[in-house]
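Student: I would like the atomic coordinates for the input below:
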Amino acid sequence: MMFQRLFLLQSFLLFSLTTATATAKRLNTIPRLSPIGPRVWRDQPDKTTSGEFDVEDFETFFYNQTLDHFNYRPESYDAFPQRYLTNSKYWGGANASILVYLGAEVSIDEDSAAFGFLVDNAVQFKSLLVVIEHRYYGQSIPPGSRGKLGYFNSAQALADYAAIIIHIKENRSAQYSPVIVIGGSYGGSRNLTYASTLKDYLRILYAYAAQYNRPPTNRVNEVCKGIDDDASGDDILSRIFRGVVAYNGNQKCYVNQAIQSETTVGWSWQRCSEMVIPLGIGNNSMFQPRPFNLTDHIERCKNVYGVPPRPHWVTTYYGGHDIKLILHRFASNIIFSNGLRDPYSSGGVLNNISDSIVAVSAVNGSHCLDIQRASPRDPRWLVMQRKIEVKIIEGWISKYYTDLLEVKDQTPF
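Tutor: Numbering: from 1, shown residues only. Take a look at the predicted model:
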């Protein structure tokens, strides 16, 4: 069956200057990698994450997903219900395009703002919209999952996505529909796991402020204004507290013991298996130096899970030792989009690799901002960034249909 996948990736490599305090038996906390960031501004509705929309047009389905796509043990054939959503309101029917959002490290119930790009462009592309939840998150958790963490990895997740996309195409007689896959970041600590001290709490808060420093209310500016306002005292603790209030709004308590969830446990496992993220603090930042130590990380993971991580497996499996060379030789139809205010953009693909592997960067952009839903308050540069991305995707789809006609003229079906 002919099946072309077109990828729009919000991508960056994970090399930054932030880490967390940890005991010998605890995992480092790192700034969240979620596309939409933490929920803040609770007492100021205009400052919440923008781009939320009514999800009533989405229908919920569960696909009987294979537990293990790559082995042939009896347990490999076990199945679990994997959740996905579809919206066919604007779909042009068989062979019209399909826009797919690959779920991050949270339940898709909490991630709706992250796939606003799909909703905004469904009419223009006459697309079927699909949102797929990542295995081991939300309602897509295999029975007895705690004892089956070995099946919780990115390769299995990618195979899940492929199986569901093929299933949808077959059920809707859309075998020739081009598929545009959209993803933002990959994952991150959903809350401040183990960050029980004020120092750890502030380090994560300041990192989030920088990572999600987006319009209309730029969080770094808000925090700095709070710190600089001496109305309630000029001592250091008063300034720090005002910065916290400026970021989180007025609350009864700010530093809470983290609540364990499938998401926090799940992401900790991923970081202790294949997603080894070497984040450390150097000597040239506002934080106390804390370089990443792989030996310590391995020991902490062994203490928590009883298994050591595989720090080089991702580059071995996916071939990322020289990412520019690998992409140039083996990839096509990818947009690497980066907001340069996002600290993680320093490890992203910031230059075009080929005619079809292009980098779209925004000087004032933040983490995954462009894939959220458009707002009337969006600055012109963000509007233009999205227009550039849409134009590129239009070119991919047009070329796909041209190639499809040529193949069908030459090949008996």
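Student: mind checking how far whichever strand or helix holds E299 is from the chain centre?
Tutor: Assigned by DSSP states H and E, E299 falls within helix 294-305. The chain centroid and the centroid of helix 294-305 are separated by 25 Å under Cα atoms, centre = their mean, to the nearest Å.
Student: CA atoms only for it - export them in CSV, please.
Tutor: Only the C-alpha atoms of helix 294-305 are listed here, as CSV (Å, rounded to 0.1, in the frame of the first residue of the first chain):
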residue,chain,number,x,y,z
LEU,A,294,26.5,10.2,34.2
THR,A,295,27.9,7.8,36.8
ASP,A,296,25.7,9.4,39.5
HIS,A,297,22.7,9.3,37.1
ILE,A,298,23.2,5.6,36.4
GLU,A,299,23.4,4.8,40.1
ARG,A,300,20.3,6.7,40.9
CYS,A,301,18.4,4.9,38.2
LYS,A,302,19.6,1.5,39.4
ASN,A,303,18.5,2.4,43.0
VAL,A,304,15.0,3.5,41.8
TYR,A,305,14.3,0.9,39.1
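Student: pLDDT on it, on average?
Tutor: Computed over helix 294-305, the mean pLDDT rounds to 92.
Student: Return the list of helices and strands in contact with it.
Tutor: Applying 3 or more Cβ pairs under 8 Å, 6 or more residues apart in numbering; DSSP states H and E, we find helix 294-305 packed against helix 262-271. Where you see a C-beta, it was placed from the backbone N, CA and C, and this is true even at glycine.
Student: how about 6 Å then?
Tutor: If contacts are counted by 3 or more Cβ pairs under 6 Å, 6 or more residues apart in numbering; DSSP states H and E, helix 294-305 sits against no helix or strand.
Student: Now do the buried residues in that helix.
Tutor: H297, I298, R300, C301 (16 or more other Cβ atoms under 10 Å).
Student: Quick one: work out the angle between that helix and helix 262-271.
Tutor: 130 degrees (axes from the mean of the first three to the mean of the last three Cα atoms, to 10 degrees).
Student: immediately after helix 294-305, which helix or strand?
Tutor: Moving toward the C-terminus from helix 294-305, the next helix or strand (DSSP H and E) is helix 313-318.
Student: And that next one, what's buried?
Tutor: Buried residues in helix 313-318, counted by 16+ other Cβ under 10 Å: W313, V314.
Student: for stretch 169-182, same thing?
Tutor: Neighbour-count burial for stretch 169-182 [16+ other Cβ under 10 Å]: K169, R172, A174, Y176, S177, P178, V179, I180, V181, I182.
Student: Let me see the confidence value for the nearest residue to the first one once chain neighbours are set aside.
Tutor: Spelled out, that is K169. Nearest non-adjacent residue to K169, counting by Cβ to Cβ, 6 or more residues apart in numbering: Q175, 5.4 Å away. The confidence metric pLDDT takes the value 91 at Q175.
Student: Would you mind stating the distance between Q175 and A94?
Tutor: With distances taken as Cβ to Cβ, to the nearest Å, Q175 is found 8 Å from A94.
Student: Which two of the buried residues of stretch 169-182 have the greatest separation?
Tutor: The span of the buried residues of stretch 169-182, defined through Cβ to Cβ, is set by Y176 and I182 at 20.3 Å.
Student: Might you list the low-confidence residue ranges for this protein?
Tutor: Where the chain drops to pLDDT under 70, the residues are 1-55, 186-197, 232, 254-263, 410-413.
Student: how about the strands in it?
Tutor: For the chain, the strands defined by DSSP state E occupy 5-10, 59-66, 79-87, 98-102, 128-132, 179-184, 334-339, 357-362.
Student: got the contact list for the residue nearest to G226 when sequence neighbours are not counted?
Tutor: Sequence neighbours aside, A246 is the residue nearest to G226 in space, at 3.0 Å (criterion: Cβ to Cβ, 6+ apart). Applying Cβ atoms under 6 Å, 6 or more residues apart in numbering, we find A246 in contact with E222, V223, G226.
Student: Can you tell me which of these has the most neighbours?
Tutor: Greatest neighbour count in the contacts of A246, by other Cβ atoms under 10 Å, goes to V223: 23 neighbours.
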